[in-house]
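Participant: Quick one, fold the following:
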Amino acid sequence: MNTGMFISLEGGDGAGKSTAITLLEKRITEQGLPVLVTREPGGVDIAEQIREVILNRANTKMDGRTEALLYAAARRQHLVEKVIPALEQGKIVLCDRFIDSSLAYQGVARGLPTDEIFAINQFAIEDRMPDLTFYLDVSPEVGLARIEANSTREKNRLDLEKVSFHNRVREGYELLIHKFPERIVRINADQPIEQVVDEMLAIVQEKIKKA
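Facilitator: Numbers count the residues shown, from 1 in each chain. This is a model prediction of the structure:
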């Protein structure tokens, strides 16, 4: 593979993205392909500092538009400093969240106009969309129960939201699947994590063959 491939993982809180991305990295690396794993918001120093502000549990007064702008700012810095250089080196970039999170969380769930959220992010990413997006789908009840049971996972400001908020997030992702069917692949995240990773790996392998 001469050129890189940009793959994002999306899903509601507790969908298992962090575990899945670690296992997927291992499986792809075993095939001798160069992989970079990163996350949003964060991934580089400046974006990690913005992450601290966004997800700080004390910042309950944060306005929805402020939140959306901060995510876009972090996304821009992360993209130019880490993602694009890795792609130019021919790496497969596995990113825990990208633009779809802003559309689902700040757009649909926060009730902000999704076209405006998309415009803000288009300015930030300059049309650098993922080549492939896996949406790990699980009910908010299951996802939040996993978070509650996981003592090692960071509990952030979004974890304080009610189930109704997380239901709207899921509705947002459903809309995105219909909007970008050629890019977003739904994966049932309510099955054993090994099966989740097997499904993702098979799709990645097929996309590499076509590249």
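Participant: so where do the strands sit in the chain?
Facilitator: 5-11, 35-39, 92-96, 132-137, 184-188 (DSSP state E).
Participant: so which of these comes closest to Arg27?
Facilitator: For the strands of the chain, proximity to Arg27 was assessed by Cβ to Cβ; strand 35-39 is nearest, at 9.5 Å. Where C-beta positions appear, they are placed from N, C-alpha and C, glycine not excepted.
Participant: What is the burial count for the closest residue to Leu69 other than its chain neighbours?
Facilitator: Nearest non-adjacent residue to Leu69, counting by Cβ to Cβ, 6 or more residues apart in numbering: Ile120, 6.6 Å away. Applying other Cβ atoms under 10 Å, we find 21 residues neighbouring Ile120.
Participant: Let me see the contact set for Ile120.
Facilitator: Counting by Cβ atoms under 8 Å, 6 or more residues apart in numbering, Ile120 makes contact with Ala68, Leu69, Ala72, Ser102.
Participant: What sits closest to Asp190 if chain neighbours are left out?
Facilitator: Val138 (5.0 Å).
Participant: ok, Arg157 - contacts?
Facilitator: Counted by Cβ under 8 Å, 6+ apart, Arg157 has contacts Ile54, Leu55, Asn56, Arg57, Asn59, Thr60, Met62.
Participant: can you pull the contacts of the fifth one?
Facilitator: Residues in contact with Asn59 (Cβ under 8 Å, 6+ apart) are Val53, Arg157.
Participant: measure it to Ile84 for me?
Facilitator: For Asn59, the distance to Ile84 equals 29 Å [Cβ to Cβ, to the nearest Å].
Participant: which helices and strands does the worst-scoring helix or strand of the chain on mean pLDDT pack with?
Facilitator: Lowest on mean pLDDT, DSSP states H and E among the helices and strands of the chain sits helix 140-149, with a mean of 86. Applying 3 or more Cβ pairs under 8 Å, 6 or more residues apart in numbering; DSSP states H and E, one finds that helix 140-149 contacts helix 163-179.
Participant: Cool, thanks, talk later.
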